[in-house]
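Enquirer: Need coordinates for the following:
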Amino acid sequence: MALLARRASILALLVLLALALPSPASAKVANEYDLKAAFLFHFAQFVEWPAEAMPNKSTPLTIGILGGDPFGKTLDAMVANEAVRGHKLVVRRFREVGEADSCQILFISPSEDARLGVILSHLKGRSILTVGEGKGFALRSGIVGFVLSDRRLRLAVNLAAANASRLTISSKLLRQSEIVGPAGLPE
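Expert: Modelled structure (predicted):
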């Protein structure tokens with residue numbers, strides 16, 4: 001119970017940090033991706049995967065980055081020596097979407113925007129939490145989109161895409177998010 005209360009407090013702190021992004025442009029870029037890295041780390045605690053996604057305790061929970069890496073060493077430092085539900089957290093970087101089939105969380109870099117449709121099509125139905133930039137990412141069937149609005153970081157979540165991937169997202173995370181649907185479908 002204490003662990004759950006700590007996780008809820010951490011999520012609340014992340015939301016407060018998201019509301020307090022500084023305005024200087026150079027600090028904003030560094031802090032924006034530091035904050036996004038923190039969210040990627042904490043998504044592991046607020047999402048449940050089906051048993052076959054991590055069949056045993058030795059299977060790591062992998063956070064993948066497809067394309068250009070805007071996080072530098074920040075994400076690696078955050079997950080170093082960390083585990084969620086007994087699964088060690090690791091970060092891997094991928095050039096091609098086919099390499100990412102074994103990860104549980106996949107950040108799709110803006111460098112992959114031209115191939116986004118092909119990438120999401122390849123990942124459709126797999127138990128991978130897809131994360132990208134902007135509300136449009138979630139509207140195109142990505143699961144979580146980072147939305148920067150008025151210097152605040154917000155989340156857009158596509159529940160239909162999460163359900164199709166057999167992922168359960170905690171209500172604590174959903175309360176802090178805008179729920180969106182695929183383009184052309186009612187929200």
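Enquirer: following the helix-or-strand element of the chain with minimal mean pLDDT, which helix or strand shows up next?
Expert: Ranked by mean pLDDT, DSSP states H and E, the helix or strand of the chain with the weakest confidence is helix 2-19, at a mean of 43. Next along the chain after helix 2-19, taking DSSP states H and E as the criterion, comes helix 25-46.
Enquirer: helices or strands next to that next one in the packing?
Expert: Packing contacts for helix 25-46, counted by 3 or more CB pairs under 8 Å, 6 or more residues apart in numbering; DSSP states H and E, involve helix 2-19, strand 61-66, helix 74-79, strand 105-108, strand 129-133, strand 144-149, strand 152-158, helix 171-174. Using the backbone N, CA and C atoms, a C-beta is placed for each residue, glycine as well.
Enquirer: taking the mean pLDDT, what do you get for it?
Expert: Averaging pLDDT along helix 25-46 yields 80.
Enquirer: Buried residues in that helix, which are they?
Expert: Neighbour-count burial for helix 25-46, with 16 or more other CB atoms under 10 Å as criterion, is recorded at 31-33, 35-46.
Enquirer: do the same with stretch 105-116
Expert: Under 16+ other CB under 10 Å, the buried positions of stretch 105-116 are 105-109, 112-113, 115-116.
Enquirer: Please apply the same query to stretch 140-149.
Expert: For stretch 140-149, the buried set under the neighbour-count rule, 16+ other CB under 10 Å, comprises 140-147.
Enquirer: ok, these vs Ser165, which is closest?
Expert: Distance to Ser165, by CB to CB, is smallest for Ile143 among these, at 6.7 Å.
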